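give me a model of this one.
(one chain, ligands or ions: 2)
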Amino acid sequence: MSAEQLPLKVNGVVKRYRQGSNVIEALRGVQLTIRPGEFIAIMGASGSGKSTLLHVMAGLTDVDAGQVLVDGRDLATLSDVQLTSFRRDHIGLVFQAFNLIPALSAEDNIRLPAVDGPELTAKVNALLDRLGMRQRRTHKPGALSGGEQQRIAIARALVCDPAVVLADEPTGSLDSVSGQEICRLLRELCDEQGRTIAIVTHEPHVAMWADRVVVLKDGANLTEFAPSDQRDPQDLAARYQFALAPVSEANR
Ligand SMILES: Nc1ncnc2c1ncn2[C@@H]1O[C@H](COP(=O)(O)OP(=O)(O)OP(=O)(O)O)[C@@H](O)[C@H]1O
Ligand SMILES: [Mg+2]
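Ligands and ions are numbered 1, 2, ... in the order given. Modelled structure (predicted):
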């Protein structure tokens, strides 16, 4: 990870999906700046464009208008080959379904995105230690709990030392205890290592760990707020619900 990072910027991004004659505008001019070392949570109703936004920030999908800047690079200016290597070096991705290779051991899953060599072994060992997974290194994903599998997926996301970690509902398949452990881990990666983290979540208990909650509605920014201004997850949930459907005094 280079010492000086630039903010991750999404400038007026529009993303349309075409299905036959049908056009779905999944993002309608989204604006977002994530400062280096910041941890944000993206919330919003199903279909509001959260995953699309994450994919756009990861350079996994191109945009119809606007710009995505990661560490100062406009992703649209990179060729496919450049984008692949840029992504590997700058962005770690984590998914709800872990997406580990079933036939490979935990350790080999972590090694997968990286170039082999003696340095890699030291790196993988350090990650296994950091995530408390040293004893599980030879296990295949099927022999690991959900929380353990997600730890391995996070280690895999970190193996190339990306400044930015993007996670789409990383706790969505986990029980609440394992989910909170994953949140704590992400928080530590941010606080101790200065990683920039954006997660998509539906869960107020998860969003509570972030520095900032960004709420999308119908593919556009709706509102933002700081979890530190909320007393507890119930308060955060109420703040979020109010943003989505403000109850006017007249309707009470
Ligand atoms: N590959 C695709 N082709 C066509 N339409 C798509 C595609 N991916 C997403 N969409 C549409 O774009 C909109 C935004 O989808 P997206 O997956 O970003 O929502 P989301 O906020 O992540 O929802 P969820 O909470 O259910 O995961 C939706 O209307 C969805 O149906
Ligand atoms: Mg989604």
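
from here on, contacts and neighbour counts on C-alpha atoms
OK.

return the residues of this protein in contact with ligand 1.
Applying Cα under 6 Å from any ligand atom, one finds that the chain approaches ligand 1 through 17, 26, 45-52.

one more time with 5 Å, if that's ok
Within the chain, the positions near ligand 1 by Cα under 5 Å from any ligand atom are 17, 26, 46-52.

show me where the protein has helices.
50-57, 80-90, 106-111, 118-130, 146-158, 176-193, 204-207, 233-244 (DSSP state H).

pLDDT on stretch 141-151, on average?
Over the span of stretch 141-151, the pLDDT mean works out to 94.

for that stretch, buried residues please.
The neighbour-count check on stretch 141-151 (16 or more other Cα atoms under 10 Å) flags 141, 146-151 as buried.

what's the closest of the residues you listed to ligand 1?
Relative to ligand 1, the closest of the buried residues of stretch 141-151 is Q150; by Cα to the nearest ligand atom it sits at 18.2 Å.

does the closest one really touch A106, like I thought?
No. Using Cα atoms under 8 Å, Q150 is not in contact with A106; the gap is 10.6 Å.

show me what contacts P233?
By Cα atoms under 8 Å, 6 or more residues apart in numbering, the contact list for P233 reads 204-205, 208.

from ligand 1, how far out is it?
P233 sits 19 Å away from ligand 1, going by Cα to the nearest ligand atom, to the nearest Å.

any idea how far the closest residue to T171 other than its chain neighbours lies from K123?
Nearest non-adjacent residue to T171, counting by Cα to Cα, 6 or more residues apart in numbering: G179, 4.8 Å away. To K123, G179 is 25 Å away according to Cα to Cα, to the nearest Å.

when the two are compared, which one has more neighbours?
Neighbours were counted for G179 and for K123 using other Cα atoms under 10 Å; G179 has more, 21 against 18.

report pLDDT for that one.
For G179, pLDDT reads 93.

residue contacts, the nearest residue to L104 once chain neighbours are set aside?
Leaving out its chain neighbours, the residue that sits closest to L104 by Cα to Cα, 6+ apart is K140, at 5.9 Å. The neighbourhood of K140, defined by Cα under 8 Å, 6+ apart, consists of 102-106.

then Q31?
By Cα under 8 Å, 6+ apart, the neighbours of Q31 are 9-13, 221.

again, 10 Å this time
By Cα atoms under 10 Å, 6 or more residues apart in numbering, the contact set of Q31 is 9-14, 66-68, 220-221.

next: D161.
Neighbours of D161 in contact, by Cα under 10 Å, 6+ apart: 1-2, 88-92, 114, 123, 155, 195.

ok, and the most crowded of those?
A155 (27 neighbours).

hmm, L8 is touching V56, no?
No. Using Cα atoms under 10 Å as the test, L8 is too far from V56 to be in contact (11.6 Å).

between those two, which contacts overlap?
With Cα under 10 Å, 6+ apart, L8 and V56 have common neighbours V68.

still on that earlier bit, pLDDT and neighbour count for the contacts of Q31 - can I get that in a markdown table?
Converted to a markdown table, these look like this (pLDDT from 0 to 100; neighbours: other Cα atoms under 10 Å):
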| residue | pLDDT | neighbour count |
| --- | --- | --- |
| K9 | 98 | 20 |
| V10 | 98 | 21 |
| N11 | 98 | 16 |
| G12 | 98 | 17 |
| V13 | 98 | 23 |
| V14 | 98 | 22 |
| G66 | 98 | 16 |
| Q67 | 97 | 24 |
| V68 | 98 | 26 |
| A220 | 98 | 21 |
| N221 | 97 | 18 |
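
so of the residues you listed, which ones are in strands?
9-14, 66-68, 220-221 (DSSP state E).

nearest to R130, of these?
Nearest to R130 among these is K9, at 29.8 Å by Cα to Cα.
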